[in-house]
Structure formats: C-alpha cells, structure tokens
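Peer 1: when you get a sec, could you give me coordinates for this:
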Amino acid sequence: MRKLLGAAVLAAAIVSCKADQLDIPNPNSASVSGATSDPTALQLLATGLFAEQRGTRSGMITNAGIFGRESYTFSPQDGRFTTHPLIGIMVNGVQKIDPTGFAVGPWGGEYGLLRDIYNFKNTVNGIATLTDAQKAGAIGFAQTLEAMMLFDIVATHDTLGGIVEMKADPKELAPFVSRDSMYKYILGTLDASASNLASAGSSFPVKLPPGFAGFDKPATFAKFTQAIKAKVEAYWATSGGGTAAWQDCLTALQASFLNPSATTRAQFDVGVYDTYGPSPDSPNNLTQATNTQLYAHMSFQSDVELKTNGDPDDRYTAKIRTGLSPASGPPNSNGPVSATSTLGFSIWPSVSSSIPIIRNEELILIRAEAELATGNKAGAIADINQVRVNSGGLPPTTLTAASPDDDILMGILYEKRYSLMMEGDRWFDMRRYNKLDLLPLDVASGPNKNFVARVNPIPQAECLVRAGQTGDMIGPNGQNDCAP
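Peer 2: Numbers count the residues shown, from 1 in each chain. Sure thing, here's the model as predicted:
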C-alpha cells in the first residue's frame, strides 16, 4: 500500500509539472539574457570582472619588468622566459621580438575581460529591477575597468594600436585602430565613467573587492578613475597629446586622491590594490615565498643613491633581497643571454600580498612629470623632494629651477624607478621619454648585442586569423607583419 501511495504521489507531481519547468538552462552555457533574470547574477558577474582584472596584473608586471631591466625570470625548464624578451629575430632586415614567444605582452586576457565587460554592461541595462542610479554606478565602474585593459594594450603595443570595439557577435572581428585613436577612446571612456559615477547615488548595487576599500562608493571610486585618467594623460602627452594632455593630467590629479603632502609610508601607500590569497582564492604569483625563479636586476644595486649616513635608499633596502645564489639565463651560441644576478625582491612576502594598481606615491611623481612639462620646474623639484626625502630617506636633490629640463626629468625617473619598483612602470617611462638606450644591456656579444625591446609584437595568432579575413591587419606605413 505504501509503495502504491508513493507511486501515486510521484505520478501526480509529474502531471502537475509544466512544460517550461522541465526546460532547465545549461549551467555550462550561461547567457546574458539568463543573467538579467537572476537576482544574484550581477554580483557574480561583477566579482568575475574584478577577478579577471586581477589575473592580468602579474603577467603585465613580469613582462614590463624584463623589458625594463628590473627583473629576470630564470626558468631551468624553459629558457624562453629569458631569451624571447632579450633576443631578437630578423624581419625584413630589422631586429624585432619573436611574435610567437613569451614576449607578446598583454593581449588575450585583456580582450577576454573586455568581452565580459561588454556582456556585463548589456546585463545591467537589461535588469528591470535596477534603478537608473544603480545602472549608472555599475556601468561606471565597468567603464573604468574597460579603460584600464585598453590602456595596458596600447601602452605595450602602441606602434600598431589595437582593437577598441566589441561586436555583438564574438566571432566577428573588429578592426584595428591607431595608437592615437586608442588613447582618445580610453580617455573618452574614463570621462563617460566619471559622468556615470556622478549619477550613481551613494552606493553601488554590488560589493567591490577588499583592495578597493576606501574607494568602494561611487564618489570615492570616481577619485580612483581620475587617478587612472591622470596616468593615461601622462602617457598620451608623451605619445602625441602634448601640452594639452599635460594640462588635462593636472586637472585629473586634482580630482583624484592625490595627497602631495604625504610624509608617511601609510600616506604614500593610499590607493587601490589587487588582493590575493591561498586556495581557494588566487595566490600572488610574484611572491618570494613560492616564486624562486624571479630575480632582481643587479643595476638596482649599482645605481642606488645613498643616504647621508652612507646606507642605501630606504626603498632599495625595503624591496631588495641580497645574497641569493647566483643565477643567469640559459647560454646560447653567443654565450649567456643575460647577466648573473644575486638579488631578489622582498616586495611580496606571501601569497596573500597585495599588488598596487595605483598609489598616492605614483600620483605625486606623475604630478612632477606634468609640472616639468608645463614649465613649473620648482613644483616638479618640490614633488621630487617630497618623495625622495620621506620615502627614500635621501637628502634633498641638488637640482634647482636653473637645472636643464632633462636633468630634472632624470631625477623624476630615478624616484619612479625605486618608488614604483616592479609595479609595471619602468620600461614604459624609459620608452615614453626615448631613453631606452640608457637601460642596462645584458647581451654582451653576437647579433643580439645591445638589443632593447621597444614594443611588444602583436601576437602572431591574431595576425594569422586576420589574414584569413577580407583584409589583412595594416599598421602605420602599410606594414602588416606581426613584429612591429
């Protein structure tokens, strides 16, 4: 009798089910339309965006660190970590970086995130339960992330520019645009973000990661957006934007979280960070706790300035480990492809160590750049001293307003080198100011002697896909090779 009753109940339950209830979405094939009807989806999507952004950071720093002679990755299993950035290939008689190697820089991860940002914005606009203010806030922070990813791409590939448009059909390839167009699109996106954040009310409809503490409300996130804009304007100013971009840089700094009077480490370190952690979170892959292949360039030791008591710059002491077992790159027919190093980093003690996206210390030095470029030498020197005295423990600079502009610029670049060590800036700064030839040269002989990477190549896979379309990728002066 009990079995019969159970069968009857089961039969009744089956009869009472509606056809649409049996149509269960495939959880492995999520869709934008499906997310708009799920009240928890927006938070999950937002968390995913920030996680993807975080995932691009260590690769960006490693790439720029090797190119800018800040670091080496000495891998006994794979010498390409060293050889590809430091050894060129011949393309039409010109030495360039191998576009099939490990030196193509930010690309796939950034464009993957840009696709997800595109979907996120569509989802936000499709959720009927969000207010206009909530939609503005969500789209505002997504636009800042969008600008950050495009900035990484143009900063590393600025000879040929990149792609700024996401097509509705992900299989449809959007065209390349020039470097100038990319910078203008990025700055326009940051302005649009600022406008949306100003209309976003007092809170976001989602929670932001811990590294955004203090910048997790629309009004404070807007200060972070302006900090990113100031940095983009500085790069654009030295890439074609000129004096107008420097003025816009100063304006953005005024609207950011810049504190030019900072004197303590805590004040210099105010900013936005990518946070990490042990499993099940994602670890910091640069940490000295687990990364035994990452070495610092010996020039940090030879170039460091001394305090009045004869000790090295406090930033060197805090960030560099000495006395490591000697390591060098793998040999080839011309000998070792890099110098030997006995230095490591002490910047990231554990897998939970944060990596800054942008800090107040960087903003002060960006202001020094802008002040110098707009004729305010005294202001630039004051910013130099604010950092070198309080962050480095060094005596004030001997530079004066009568010093040549280039001497003051070199003073700024020294401070940026040690203040922003392994934060992904050195190579870009030296390239922006046409000073790559001042970087240490690690290949002593052979065809690659004195080779310095000036730009990341477009990944060959990108070029090959586009070669099968109606038109090849065309860059400046009609070039269409994969190694600009």
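Peer 1: low pLDDT regions in the stretch 251-400 of the chain?
Peer 2: Low-confidence segments of the stretch 251-400 of the chain, defined by pLDDT under 70: 330-338.
Peer 1: can you show me the helices along it?
Peer 2: When secondary structure is read from DSSP state H, counting those that start in this stretch, the stretch 251-400 of the chain shows helices at 265-268, 299-303, 314-319, 360-373, 377-390.
Peer 1: closest to Met430 out of the ones you listed?
Peer 2: helix 299-303 (12.2 Å; CB to CB). (Glycine included, C-beta is placed from N, CA and C.)
Peer 1: circling back: okay, the helices of the stretch 251-400 of the chain, which one's buried deepest?
Peer 2: With neighbours taken as mean count of other CB atoms under 10 Å, those reach their highest mean count in helix 360-373, at a mean of 25.
Peer 1: re the thing from before, Met149: which of the helices of the stretch 251-400 of the chain is closest?
Peer 2: Met149 lies closest, by CB to CB, to one member of the helices of the stretch 251-400 of the chain: helix 360-373, at 18.8 Å.
Peer 1: for that closest one, name the packing helices and strands.
Peer 2: Helix 360-373 sits against helix 218-236, helix 242-255, helix 265-268, helix 377-390, helix 405-419, with contacts defined as 3 or more CB pairs under 8 Å, 6 or more residues apart in numbering; DSSP states H and E.
Peer 1: mind giving me the packing neighbours of the last one?
Peer 2: This means helix 405-419. Packing contacts for helix 405-419, counted by 3+ CB pairs under 8 Å, 6+ apart, involve helix 299-303, helix 314-319, helix 360-373, helix 377-390, helix 426-432.
Peer 1: and Ala244, which of these is closest to it?
Peer 2: Minimum separation from Ala244 across the helices and strands packed on helix 405-419 (CB to CB) falls at helix 360-373, 11.0 Å.
Peer 1: which other residues reach that closest one?
Peer 2: 227, 230-231, 234, 237, 243, 246, 249-250, 253, 256-260, 262, 267-271, 356, 377, 379-380, 383-384, 386-387, 391, 405, 408-409, 412, 415-416, 419-420, 423, 425 (CB atoms under 8 Å, 6 or more residues apart in numbering).
Peer 1: please apply the same query to stretch 233-250.
Peer 2: Stretch 233-250 is contacted from outside by 151, 155, 158, 179-180, 183, 187, 229-230, 252, 366-367, 369-371, 373-374, 428, 432-433, using CB under 8 Å, 6+ apart.
Peer 1: what does stretch 379-399 give?
Peer 2: With CB under 8 Å, 6+ apart as the test, stretch 379-399 has contacts from 260-265, 268, 305-308, 311, 313-315, 361, 364-365, 367-369, 371-372, 400-401, 407-408, 411-412, 415, 418-419.
Peer 1: residue contacts, Pro312?
Peer 2: Contact partners of Pro312, counting by CB under 8 Å, 6+ apart, are 304-306.
Peer 1: report the beta-bridge partners for it.
Peer 2: Pro312 has these beta-bridge partners by DSSP bridges: Leu306.
Peer 1: skipping adjacent residues, who's closest to Gly109 in space?
Peer 2: In this structure, Gly109 finds its nearest non-sequential neighbour in Thr56, 4.7 Å apart by CB to CB, 6 or more residues apart in numbering.
Peer 1: and what of Thr317?
Peer 2: Per CB to CB, 6+ apart, closest to Thr317 is Asp311, 7.1 Å.
Peer 1: pretty sure Ile163 contacts Val177?
Peer 2: Yes. Using CB atoms under 8 Å as the test, Ile163 is close enough to Val177 to be in contact (7.1 Å).
Peer 1: ok, back up a step: quick check: ChimeraX command selecting the buried ones in the contacts of stretch 233-250.
Peer 2: Selecting only the buried entries of those in ChimeraX, with 16 or more other CB atoms under 10 Å as the criterion:
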select :151,155,158,179,183,187,229,230,252,366,367,369,370,371,373,374,428,432,433
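Peer 1: list phi and psi for the closest residue to Ile163 other than its chain neighbours.
Peer 2: Residue nearest to Ile163 in three dimensions, not counting chain neighbours: Ala174, with 5.0 Å by CB to CB, 6+ apart. Main-chain dihedrals, Ala174, degrees, to the nearest 10: phi -80, psi 150.
Peer 1: can you count the residues close to Ala174?
Peer 2: A count of nearby residues for Ala174, using other CB atoms under 10 Å, gives 11.
Peer 1: hang on, the earlier thing: so which of the helices of the stretch 251-400 of the chain gets nearest Gly105?
Peer 2: So among the helices of the stretch 251-400 of the chain, helix 360-373 is nearest, using CB to CB, at 20.5 Å.
Peer 1: what angle separates the closest one from helix 377-390?
Peer 2: Between helix 360-373 and helix 377-390, the angle comes out at 150 degrees (axes from the mean of the first three to the mean of the last three CA atoms, to 10 degrees).
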